[in-house]
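[1] Quick one: sequence plus predicted model below, questions after.
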Amino acid sequence: MGVFTYEDEVTCSIPPAKMFKAAILDSDNLIPKIMPQAIKCVEILQGEGGPGTIKKIHFGEEGPPRHFVQLPSKLLNFNLALIPLVKPHGSIHIGRKFKSMTHRVDAIDKENFTISYTVIDGDVLSGGIESISHELKVVASPDGGCIYKKTSKYHTKDDAQVCEEHIKGGKEEGLALFKAIEAYVSAHPDEY
């Protein structure tokens, strides 16, 4: 088993408390509302949002493709930073889009604006991926906005490798999702 780790940061003009509430605490409602092509709905299978909560995310029609290996970035169609693409044993496979993923909330700290969760099931865990763990933190920036920090760990089976090019594509689409949330909160300042 291997572990591939990447970190990412995004800055925005929204204060940390508002962004955490919108992007983390209300994401199950907000993302399907503003980007239904990416995420159709989120179903809570167990729990009430705290540690141990299990959620199933149903991707929209433009959800992430199952595998695109070594294609030019202009041909990639990603919608979430959560989705890695794996190149097991050097093979190339192009398939149907992902339909869903299930994740477990491992920890949440509403006072310090942090959450950690692990993708535990779904067709996103194909191609040699055993699980994906994420740690997210929203911190204040000097200008009154915030910095959204994310650390993701992809736990792979055997000698499967996570392709850098696809992580980059996922990061770009994750940035687009984050900026859509920022734009929504900016346009609806009293909602959060």
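    Now that the structure is in, tell me what you want to look at.

[2] got the contact list for stretch 37-55?
    25, 27-29, 31-32, 56-63, 79-80, 102-108, 120, 177 (C-beta atoms under 8 Å, 6 or more residues apart in numbering). C-beta coordinates here come from the backbone N, C-alpha and C atoms, glycine included.

[3] hang on, I meant stretch 100-109
    Looking at what lies outside stretch 100-109 - C-beta under 8 Å, 6+ apart - the contacts are 24, 45, 47, 49-59, 82, 114-125, 133.

[4] Just the buried residues of those residues.
    Burial by neighbour count, judged by 16 or more other C-beta atoms under 10 Å, picks out 24, 53-59, 82, 114-117, 119, 122-125, 133 from the contacts of stretch 100-109.

[5] Spatially nearest residue to I115 (excluding sequence neighbours)?
    I108 (4.7 Å; C-beta to C-beta, 6 or more residues apart in numbering).

[6] what's the burial count for that neighbour?
    The local packing of I108 (other C-beta atoms under 10 Å) involves 19 other residues.

[7] Help me confirm that it is found in a strand?
    Yes: with DSSP: H, G, I helix; E, B strand; the rest coil as the criterion, I108 is part of a strand.

[8] pLDDT at it, what is it?
    Per-residue pLDDT puts I108 at 98.

[9] same question, V105
    98.

[10] Which is the succeeding secondary structure element to the helix or strand hosting it?
    Assessed by DSSP states H and E, V105 sits inside strand 100-109. Counting by DSSP H and E, the next helix or strand C-terminal to strand 100-109 is strand 114-122.
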